[in-house]
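Trainee: I would like to see how this sequence folds:
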Amino acid sequence: MLFTSCANDKDDKSKNFVKIIESTKDGITENSVFTYNENQIVTADNSKEKTDFTYQNGLITKITTYNKATQLNVVLLYTYNKEKLVKVTSSEKYVIYYTHNDNGTVSYEKYTIDSQNEEQKICHGILSFKNKNLIKDECIFDNVTENSVSSSKTTFEYDAYNNPYFSISGYEKLLDHGAYVSKNNAVMTVAETASTIDGQTISSANMYTTKFKYDTDDYPTEQVSEESLTNPNYSKIQYLY
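Mentor: The predicted structure follows:
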């Protein structure tokens, strides 16, 4: 049986959204509907794609996204060691390896998989956390030309309210999902890049802010961004629980 788990207790992390309404500045809206088995997400469905989630022992082990226009699937496989994510394998020919360090940071290496099924390293980095929030993602690119260095750093600042994705069972383990794995909601993101070629450095920085409205249980009901790290356009998202 599929149903939605809701709660009125602010300290209960089982409150899940059943629908998201995303609007653009042009008035275009997209409705996404979510189904759950207790606190485990089962499907996310909208007019463009449908995503299915598979669990084993309370952990998300597979995410399959079906594109309704192209009729193609993208599959992500998640591998764990003692309930910690150690590997992500994508049908889009890449793999990410994670190492959980004693100081609480997580190191990662990302590889593409070529036609000979061999791995080619494209970047490595470190994820830093504080109070169950991802606060920094530092990355150095390995697929650059000789005598050059390229890197990126993304930092996040948070509110003190509940991130609804954190309520989904196992979602906080998905380290490839950025700030969505955090306990709270990211209200500011700063993305920095730097490239050094033959001793000359070119750098850039962009800041993105997000404003929220909350319900009496301290969960967001509305999220507004003029632009974001993944979307250059205005977006308003409404959460229905």
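Trainee: so who does the most centrally placed residue in the chain touch?
Mentor: Taking C-alpha atoms, centre = their mean as the criterion, His177 is the residue nearest the geometric centre of the chain, at 2.0 Å. His177 sits next to Tyr165, Tyr171 when contact means C-beta atoms under 8 Å, 6 or more residues apart in numbering. (Each C-beta comes from the backbone N, C-alpha and C, glycine too.)
Trainee: tell me the secondary structure of it, please.
Mentor: Classification of His177 using DSSP: H, G, I helix; E, B strand; the rest coil returns helix.
Trainee: tell me the spacing between it and Leu127.
Mentor: From His177 over to Leu127 the distance is 11 Å, taken as C-beta to C-beta, to the nearest Å.
Trainee: tell me the pLDDT at the residue nearest to the centre of the chain?
Mentor: pLDDT recorded at His177 is 98.
Trainee: cool, Tyr171 as well?
Mentor: pLDDT for Tyr171: 98.
Trainee: who's in contact with the residue nearest to it when sequence neighbours are not counted?
Mentor: Closest residue to Tyr171 apart from its sequence neighbours, by C-beta to C-beta, 6 or more residues apart in numbering: Tyr165 at 5.2 Å. By C-beta under 8 Å, 6+ apart, Tyr165 lies in contact with Tyr171, His177, Tyr180, Val181.
Trainee: can you list those in TSV and add distance to Glu157 and secondary structure?
Mentor: Listed next are the contacts of Tyr165 as TSV, based on distance: C-beta to C-beta, whole Å; DSSP: H, G, I helix; E, B strand; the rest coil:
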residue	distance to Glu157	secondary structure
Tyr171	21	helix
His177	18	helix
Tyr180	15	helix
Val181	16	helix
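Trainee: the longest strand anywhere in the chain: which residues count as buried?
Mentor: Assignment by DSSP state E gives strand 200-214 as the longest strand of the chain. By neighbour count on 16 or more other C-beta atoms under 10 Å, the buried set for strand 200-214 is Tyr208, Thr210, Phe212.
Trainee: which helices and strands sit right next to that strand?
Mentor: Using 3 or more C-beta pairs under 8 Å, 6 or more residues apart in numbering; DSSP states H and E, the elements in contact with strand 200-214 are strand 186-197, strand 220-225.
Trainee: by neighbour count, which of the contacts of Tyr165 wins?
Mentor: With neighbours taken as other C-beta atoms under 10 Å, the top of these is Val181, carrying 21 neighbours.
Trainee: is it true that that residue touches Phe129?
Mentor: No - judged on C-beta atoms under 8 Å, Val181 makes no contact with Phe129 at a distance of 9.1 Å.
Trainee: using PDB, list the CA coordinates for stretch 86-104.
Mentor: In PDB, the C-alpha atoms belonging to stretch 86-104 read as follows (Å, rounded to 0.1, in the frame of the first residue of the first chain):
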ATOM      1  CA  VAL A  86      31.000   4.300  -1.000                       C
ATOM      2  CA  LYS A  87      30.100   4.200  -4.700                       C
ATOM      3  CA  VAL A  88      27.700   5.700  -7.200                       C
ATOM      4  CA  THR A  89      27.500   4.000 -10.700                       C
ATOM      5  CA  SER A  90      25.500   5.800 -13.400                       C
ATOM      6  CA  SER A  91      24.200   4.400 -16.700                       C
ATOM      7  CA  GLU A  92      25.500   7.700 -18.200                       C
ATOM      8  CA  LYS A  93      29.000   6.200 -18.000                       C
ATOM      9  CA  TYR A  94      30.400   7.600 -14.900                       C
ATOM     10  CA  VAL A  95      31.300   6.400 -11.400                       C
ATOM     11  CA  ILE A  96      32.000   8.200  -8.100                       C
ATOM     12  CA  TYR A  97      33.900   6.600  -5.200                       C
ATOM     13  CA  TYR A  98      33.600   8.000  -1.600                       C
ATOM     14  CA  THR A  99      35.900   7.700   1.400                       C
ATOM     15  CA  HIS A 100      34.600   8.600   4.800                       C
ATOM     16  CA  ASN A 101      37.400  10.300   6.800                       C
ATOM     17  CA  ASP A 102      37.900  10.300  10.600                       C
ATOM     18  CA  ASN A 103      37.500  14.100  10.800                       C
ATOM     19  CA  GLY A 104      34.000  13.900   9.400                       C
END
